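Chemist: Below: sequence and its predicted model.
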Amino acid sequence: MAAPDLRSDLDLTLDELQQLLQLAADVKRAPGRFSTALQGQALSLLFEKPSLRTRLTFELAIQQLGGYAVTSIGMIGDREPLKDMARNLDRWTQGIVARVFAQSTIEGLAEWSRVPVINALSDLYHPCQALADVQTIQERFGRFEGLKLAYVGDGNNVAHSLMLTAGRLGMHVAVATPTGYEPNAAIVAQARAHGAAITVTNAAAEAAKGAAAVYTDVWASMGQEAEAEERKRIFAPYQVNSALMAHAAPDAIFLHCLPAKRDQEVTDSVMESSQSAIFDQAENRLHAQKALLLMLLK
Ligand code: CP
Ligand code: NVA
């Protein structure tokens with residue numbers, strides 16, 4: 001039988017997603033109960049791009065579950081074919097966590113290795129982030145049904161994973177982007193095919209209207225640095241500021257995966273406001289990923 005992977009959000013069924021959220025809450029409440037769950041297991045962490053949160057929370061999660069992590073930084077497949085690399089890693093370690101440029105690298109690792117492969121961000125998805133995001137929303141509101149999540153900014157990997165994960169859990173996901181920066185149409189269709197209510201618009205205020213959570217991410221993702229200046233001009237009307245937050249529900253929270261460019265995609269004052277849940281969200285990366293590891297490596 002093939003190892004379970006998290007190549008994209010859709011590798012977890014809705015049932016599994018709900019179980020994972022329960023487990024993440026249990027792990028957060030009583031971490032000591034799980035301190036030997038991965039005893040004797042090693043994981044390979046591969047990074048083609050920088051990371052603070054993802055790398056440190058995976059390393060800590062694995063250690064706190066009793067396992068150990070080895071980290072390698074550099075392009076995957078440059079020195080040797082992906083299929084060789086995958087079949088080295090699965091001889092030494094019981095799982096592979098990879099942050100990559102191309103989603104096809106994740107797919108290749110999953111195809112060739114006999115151990116679970118976890119997508120720690122690609123050009124298309126950031127499923128581990130979305131798990132922490134929905135954990136944070138659940139903690140604040142206790143439900144998903146009937147709640148709107150407004151994502152304002154670039155229709156990128158983070159937006160895609162939110163549509164697939166928060167959308168499947170029952171949130172109405174409204175994505176507002178400049179023309180030409182909409183989310184990938186095939187992923188929007190995929191989310192809708194799984195029953196998610198997705199709105200795609202170019203109007204930030206319309207997306208934010210009545211939202212329980214307003215979410216943004218950088219306007220230029222890793223690898224798009226050359227476009228940063230042009231994007232600053234194009235995305236300016238999509239800044240999350242107090243005027244935009246005023247369209248959301250009175251008890252709305254502000255979310256950002258981080259790292260943020262303060263006073264670009266979001267003002268410093270929204271980041272520091274009482275509505276901001278960004279550090280709870282970052283903390284939950286640790287708990288949600290522990291739950292993910294427990295489910296995939298059990
Ligand atoms: N949110 C997130 O993935 O952060 P890092 O890029 O620091 O891992
Ligand atoms: N969209 C961003 C997310 C970083 C966590 C990027 O891909 O760089």
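Modeler: Arrived safely, thanks for sending. Numbering: from 1, shown residues only. Ligands and ions are numbered 1, 2, ... in the order given.
Chemist: Grab the CA positions of stretch 289-298 and hand them over as CSV.
Modeler: Only the C-alpha atoms of stretch 289-298 are listed here, as CSV (Å, rounded to 0.1, in the frame of the first residue of the first chain):
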residue,chain,number,x,y,z
GLN,A,289,1.7,19.7,12.5
LYS,A,290,2.1,17.4,15.5
ALA,A,291,-1.4,16.1,14.8
LEU,A,292,-0.5,15.7,11.1
LEU,A,293,2.6,13.7,11.9
LEU,A,294,0.7,11.5,14.3
MET,A,295,-1.9,10.8,11.7
LEU,A,296,0.5,10.1,8.8
LEU,A,297,3.2,8.3,10.7
LYS,A,298,1.1,6.2,13.0
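Chemist: Give the closest residue to the residue nearest in space to the middle of the chain in space, chain neighbours not counted.
Modeler: Geometric centre of the chain, nearest residue: residue 129, 2.2 Å, by C-alpha atoms, centre = their mean. Excluding the flanking residues, the one nearest residue 129 by C-beta to C-beta, 6 or more residues apart in numbering is residue 257, at 5.0 Å. Backbone N, C-alpha and C define where each C-beta goes, glycine included.
Chemist: Check residue 90 too.
Modeler: residue 113 (4.1 Å).
Chemist: Please report how far the closest residue to residue 83 other than its chain neighbours lies from residue 297.
Modeler: Excluding the flanking residues, the one nearest residue 83 by C-beta to C-beta, 6+ apart is residue 112, at 4.4 Å. Taking C-beta to C-beta, to the nearest Å as the measure, residue 112 and residue 297 are separated by 18 Å.
Chemist: higher neighbour count, the two?
Modeler: residue 297 (20 against 17; other C-beta atoms under 10 Å).
Chemist: for the spatially closest residue to that one that is not a sequence neighbour, which residues make a bridge with it?
Modeler: Residue nearest to residue 297 in three dimensions, not counting chain neighbours: residue 95, with 5.6 Å by C-beta to C-beta, 6+ apart. Taking DSSP bridges, one obtains residue 43 as the residues bridged to residue 95.
Chemist: so who does residue 95 touch?
Modeler: By C-beta atoms under 8 Å, 6 or more residues apart in numbering, the contact set of residue 95 is 41, 43-44, 115-118, 293, 296-297.
Chemist: So which of those residues wins on neighbours?
Modeler: The most neighbours of any of the contacts of residue 95, using other C-beta under 10 Å, belong to residue 117, which has 30 neighbours.
Chemist: Model confidence score at that one, please.
Modeler: According to the prediction, residue 117 has pLDDT 98.
Chemist: and what of residue 2?
Modeler: Looking at residue 2, its pLDDT stands at 71.
Chemist: And for it, the neighbour number?
Modeler: So residue 2, with other C-beta under 10 Å, has 9 neighbours.
Chemist: and what of residue 15?
Modeler: Using other C-beta under 10 Å, residue 15 has 8 other residues around it.
Chemist: which SSE is it in?
Modeler: helix 14-29 (DSSP states H and E).
Chemist: mind listing what's buried in that helix?
Modeler: Within helix 14-29, the residues that qualify as buried are 17-18, 20-21, 23-28, counting by 16 or more other C-beta atoms under 10 Å.
Chemist: pLDDT of that helix, averaged?
Modeler: If you average the pLDDT over helix 14-29, you get 98.
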